[in-house]
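K.L.:
Next comes the sequence, and after it the predicted model I'd like to discuss.
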Amino acid sequence: MKVGLIGLGKMGLNLGQNLMDHNHSVVAYDLNTAAVKELESKGAKGTSSLKELVEALETPRILWIMVPHSVVDSVIDELTPLLAKGDIVIEAGNSHYKESIARYNKLKEFGVSFLDVGTSGGMEGARNGACYMIGGDEEAWNHVEPIFKDTAVENGYLYAGKAGSGHFLKMVHNGVEYGFMAAIGEGFEVLEKSDFDFDYEKVARVWNNGSVIRSWLMELTEKAFAKDAKLDEIKGIMQSSGEGKWTVETALDLQAATPVIAMSLLMRYRSLENDTFTGKVVAALRNEFGGHAVVKN
Ligand SMILES: O=C(O)[C@H](O)[C@@H](O)[C@H](O)[C@H](O)COP(=O)(O)O
């Protein structure tokens, strides 16, 4: 199939190559001309505007948007007047499912189908086989299924149902990811605070072989400790780009109890501050009621 790929960042560039590996042709666009040139050198047709990209595709066009969450709307706004009835827009970044439903409804007015796709597996997945969670109209889905089948790992895609369901699934997936990673981090913190002398790379490796908690995240843990045995080179600041927050907000709306995910999100926020006012207040109170020592600046 012929795919118009918009967004050639870490994910888009890898996906473009993955598509071409499977004999799909890629017409590519990004504001970053160096990225366009790079994909061109691998066999894609590069373009220098969304208009040029759209004109290089045959109807019904397939447009795959792979841009940061913050610019999805501006891309769709610029793209919409260029499209024709029957075209299919795939948005495969990390968007909030409610935004995806709104985008679906808006494009529907123009007769354009919108598929919301949660993509997991990182850059490696985008390059060699990703995991996709897809929502939107089944008819549009049936038309584009081959490109998902080809660029996913085996059994690595699911048409989940109506508009929004793809990004809803990905949101919850990321909530699970937060909790899972927090538990791994906490486990190693207990080891680090003990008076045993563990080799963390070896610990992660043995936990990856036959244990209940073997997993890709544990493999990545093993890899990280192989590079830096005690992670001395990095600070414990845990950024977050929103999916965990959305999961917790949604869970609160649904009255679904998700303490593990919620705490893992709050711990990420906490990690952004070295010395917190909460910490000062708690320390002062302990000192007041129990005479417990405080550490002075
Ligand atoms: O499934 C995945 O491949 C990841 O979840 C991926 O989508 C991305 O790395 C996260 O969005 C990071 O999310 P945070 O920045 O919120 O940790």
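P.N.:
Thanks, I have it.
K.L.:
ok, which stretches of the stretch 51-200 of the chain are helices?
P.N.:
72-79, 97-108, 122-128, 138-151, 165-193, 200-207 (DSSP state H, counting those that start in this stretch).
K.L.:
If we ignore the residues flanking it in sequence, what's nearest the residue of the stretch 51-200 of the chain found nearest the ligand?
P.N.:
Closest residue of the stretch 51-200 of the chain to the ligand, C-beta to the nearest ligand atom: S120 (3.2 Å). Where you see a C-beta, it was placed from the backbone N, CA and C, and this is true even at glycine. Among residues not flanking S120 along the chain, C131 sits closest, at 4.3 Å (C-beta to C-beta, 6 or more residues apart in numbering).
K.L.:
which residues sit in contact with the residue nearest to the spatial centre of the chain?
P.N.:
The centroid of the chain falls nearest to N94 when counting by C-alpha atoms, centre = their mean (5.3 Å). Taking C-beta atoms under 8 Å, 6 or more residues apart in numbering, we find N94 in contact with H69, G118, H167, K170, N174, S241, G242, E243.
K.L.:
hey, which helix or strand in the protein has the poorest pLDDT?
P.N.:
Ranked by mean pLDDT, DSSP states H and E, the weakest helix or strand in the chain is helix 277-290, scoring a mean of 89.
K.L.:
buried set for that helix?
P.N.:
In terms of neighbour count (16 or more other C-beta atoms under 10 Å), helix 277-290 has no buried residues at all.
K.L.:
Stretch 78-92 too?
P.N.:
L79, T80, L82, L83, D87, I88, V89, I90, E91, A92.
K.L.:
From start to finish, how long is that stretch in a straight line?
P.N.:
17 Å (C-alpha to C-alpha, to the nearest Å).
K.L.:
and that stretch, does that touch the ligand?
P.N.:
No. If you take C-beta under 6 Å from any ligand atom as the test, stretch 78-92 misses the ligand, and the best it gets is 10.2 Å.
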